[in-house]
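Asker: Provided below are the primary sequence and the corresponding predicted coordinates.
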Amino acid sequence: MGCGASTEAPPAASGPGSANAYNTPSRPGAEDVAEIQKSSAIERELDRARQQEEGKVKLLLLGAGESGKSTIFKQMRILHGAPRDEDDLRMYGVVIRSNVIVAMRKLCTHLRNLGLEEQLAEEPAAEAVDGVSNMAPKEAYVELIAYLVDNTATEPPPATANCESAKDWVGHSPRAGLAANNDAKQFLQHVHAIRSLWQSKTMKEVWAKRAAVNVIDGHKEYLNDIMRVAAPSFKPTTQDILLARVRTTQVVMERYRIDGIDFEMYDVGGQRSERRKWIDCFDHVDAVIFVAALSEYDQTLAEAKRTNRMVEALELFRSVCNNRAFANTSIMLFLNKKDIFAEKILYSDIAAQKPFYDYAGPPKDFDHGVLYFIQKFKDMLIDDEFNDSFIHVTCATDTNNMEFVLDSTRTIIMTDNLRRSGFLGSD
């Protein structure tokens, strides 16, 4: 076998019915048309998604643990998101009752460590409230120590009118977790002891020294209104939810559409063990809101008892501001918990704290104290271009305050993004 010589092909026939593969292009079939349309639709969808992605604003909440990041996150939902459903409310009901138990464990332990048990024994029971007699403070303390702290009780817990979850609106919430549900059950069992001890003069003295055991300041509101929290009809209010403490252990994101612009806000855990997860959120961030609690200048970290919380916040702020990932990102500083700071400086001197011995302002002065800490945060920056309009002194549990602050922040972020994009002249 071999290759024969090529011969000239006869001319193709022309005329009706003839087909010339060389001269007449083939028309696409129905399947080809459908494939082209599908491809075009995918390209249009990708283009639309790309434009939407480029048009959205990504906000990242950063800061140390318990600084108020999650409260600000909740405020955004109150102001711009959907209302909470009953499943949410029940979960927060369990969390709130658990928060009270956690606070009382710490306060009872602190009372014992301060050596105030004999002082407590001298106090009589407070007057009856709403027809319900109060226990003697020492009797209430002994009950709480046995059942909540030392776990030495040998008798079943005292029965209460609200122990049957079938009659209680909050009941049990799987979303809150096993520990919180167990605490909430104990709350109902010991609510009268908690109220009696909380009303004592000795406990007020312990509360004033709560910084040593890191009790959440806002949970005082639950303790002051404890019978409402214990009522079978209890349904958490917006303010209750803002004060509730749930540790953030994963990255949480919610979307909002505000004035025609899409916003994505990310909340992350602030404890040291959670910060390794932050890096996953660093891409394409338009603004960072760094939250630090003004009131924590005399407290230490829960995870590192020798480290002052404000010192930790300052070092963390330095790390964030000087991170290359945020070189072209707006960074806002929220100095939070101004209400607690104003209360605390009346009895806890800033200069008495070893890291802040250089405070030279007058004691018990709110404005001088705030300006001192603002300067401390500015000192963490490599450059001095941190605009004062990017600093806000806030109370995250005050919705009116946060509405103003978040609206101002949104305007600043949009303006700064336009300036960085070259649409506005730089200063």
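Answerer: Alright, I've got the coordinates.
Asker: Quick one: mean pLDDT for the longest helix along the chain?
Answerer: Longest helix in the chain, counting residues (DSSP state H): helix 86-113. What helix 86-113 shows for mean pLDDT is 97.
Asker: Tell me which residues touch the residue nearest to residue 371 when sequence neighbours are not counted, please.
Answerer: Nearest residue to residue 371 in three dimensions, chain neighbours excluded: residue 361, at 7.6 Å (Cβ to Cβ, 6 or more residues apart in numbering). All C-beta atoms are positioned from the backbone trio N, CA, C, and that covers glycine. Residue 361 makes contacts with 350, 368, 369, 371, 372, as judged by Cβ atoms under 8 Å, 6 or more residues apart in numbering.
Asker: do residue 235 as well
Answerer: Contacts of residue 235 (Cβ under 8 Å, 6+ apart): 89, 93, 169, 170.
Asker: got the residue ranges for the strands in the stretch 251-400 of the chain?
Answerer: Per DSSP state E, counting those that start in this stretch, the stretch 251-400 of the chain carries strands over the ranges 252-258, 261-267, 287-293, 330-336, 391-393.
Asker: and the ones you listed as JSON lines, adding mean pLDDT?
Answerer: Formatted as JSON lines, the strands of the stretch 251-400 of the chain follow (pLDDT from 0 to 100):
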{"stretch": "strand 252-258", "mean pLDDT": "87"}
{"stretch": "strand 261-267", "mean pLDDT": "87"}
{"stretch": "strand 287-293", "mean pLDDT": "93"}
{"stretch": "strand 330-336", "mean pLDDT": "92"}
{"stretch": "strand 391-393", "mean pLDDT": "93"}
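Asker: do you know which of the ones you listed lies nearest residue 106?
Answerer: Nearest of the strands of the stretch 251-400 of the chain to residue 106, taken as Cβ to Cβ: strand 287-293 at 17.6 Å.
Asker: elements contacting that closest one?
Answerer: strand 57-62, helix 69-80, helix 309-321, strand 330-336, helix 399-421 (3 or more Cβ pairs under 8 Å, 6 or more residues apart in numbering; DSSP states H and E).
Asker: try 10 Å this time
Answerer: Other helices and strands packing on strand 287-293, by 3 or more Cβ pairs under 10 Å, 6 or more residues apart in numbering; DSSP states H and E, are strand 57-62, helix 69-80, strand 261-267, helix 309-321, strand 330-336, helix 338-344, helix 366-378, helix 399-421.
Asker: Next, the angle strand 57-62 makes with that strand.
Answerer: With axes from the mean of the first three to the mean of the last three Cα atoms, to 10 degrees applied, the angle from strand 287-293 to strand 57-62 works out at 20 degrees.
Asker: contacting residues for the residue nearest the centre of the chain?
Answerer: The C-alpha lying nearest the average C-alpha coordinate of the chain belongs to residue 70 (Cα atoms, centre = their mean; 1.1 Å). Residues near residue 70 by Cβ atoms under 10 Å, 6 or more residues apart in numbering: 61, 242, 244-248, 252, 267-270, 291, 396.
Asker: Do I have it right that residue 66 meets residue 274?
Answerer: No - counting by Cβ atoms under 10 Å, residue 66 stays clear of residue 274, with 11.9 Å between them.
Asker: which of those two has more neighbours?
Answerer: The residue with more neighbours, out of residue 66 and residue 274, is residue 66; 22 against 17, by other Cβ atoms under 10 Å.
Asker: Run through the residues that contact that one.
Answerer: Residue 66 makes contacts with 214, 216-217, 245, 247, 270-271, 293, 296, 299, 301-302, 309, 337, as judged by Cβ under 10 Å, 6+ apart.
Asker: tell me the contacts of residue 82?
Answerer: Residue 82 touches 254, 256, counting by Cβ under 10 Å, 6+ apart.
Asker: gap between it and residue 300?
Answerer: Residue 82 sits 38 Å away from residue 300, taking Cβ to Cβ, to the nearest Å as the criterion.
Asker: cool, residue 219 as well?
Answerer: On the measure of Cβ to Cβ, residue 219 and residue 300 end up 19 Å apart.
Asker: Please say which of these two ends up with more neighbours.
Answerer: Neighbours per residue, other Cβ under 10 Å: of residue 219 and residue 300, the larger number sits with residue 219, 20 against 17.
Asker: I'd guessed that one sits against residue 105; true?
Answerer: No - Residue 219 lies out of contact with residue 105 (Cβ under 10 Å); the separation is 11.9 Å.
Asker: What count of nearby residues applies to residue 170?
Answerer: Residue 170, neighbours per other Cβ under 10 Å, totals 27.
Asker: what's the distance between the closest residue to it other than its chain neighbours and residue 344?
Answerer: Spatially, and ignoring its direct neighbours in sequence, residue 170 is nearest to residue 93 (3.4 Å; Cβ to Cβ, 6+ apart). To residue 344, residue 93 is 29 Å away according to Cβ to Cβ.
Asker: Residue 263 too?
Answerer: From residue 263 to residue 344 the distance is 33 Å (Cβ to Cβ).
Asker: quick one: which of those two has more around it?
Answerer: residue 344 (24 against 20).
Asker: Let me know whether the more buried one touches residue 353 as I believe.
Answerer: No - contact criterion Cβ under 10 Å: residue 344 and residue 353 do not qualify, at 11.2 Å.
Asker: what sits in contact with each of those two?
Answerer: With Cβ under 10 Å, 6+ apart, residue 344 and residue 353 have common neighbours 211, 297, 298, 299.
Asker: And the furthest pair within the residues you listed?
Answerer: Farthest pair in these (Cβ to Cβ) is 211 and 297. Separation: 9.3 Å.
Asker: Can you pull the residues that touch both of the two?
Answerer: 309, 344, 348, 353.
Asker: any chance you could map the helices in the stretch 101-250 of the chain?
Answerer: Remark: helices assigned in the stretch 101-250 of the chain by DSSP state H, counting those that start in this stretch are 117-121, 137-144, 178-198, 201-208, 220-224, 226-230, 238-243.
Asker: so which of those is the most packed in?
Answerer: Most buried of the helices of the stretch 101-250 of the chain, by mean neighbour count (mean count of other Cβ atoms under 10 Å): helix 137-144, with a mean of 22.
Asker: could you check the angle helix 201-208 makes with that one?
Answerer: If you take the same axes, to 10 degrees, helix 137-144 sits at 60 degrees to helix 201-208.
Asker: Please consider this matter closed, and thank you.
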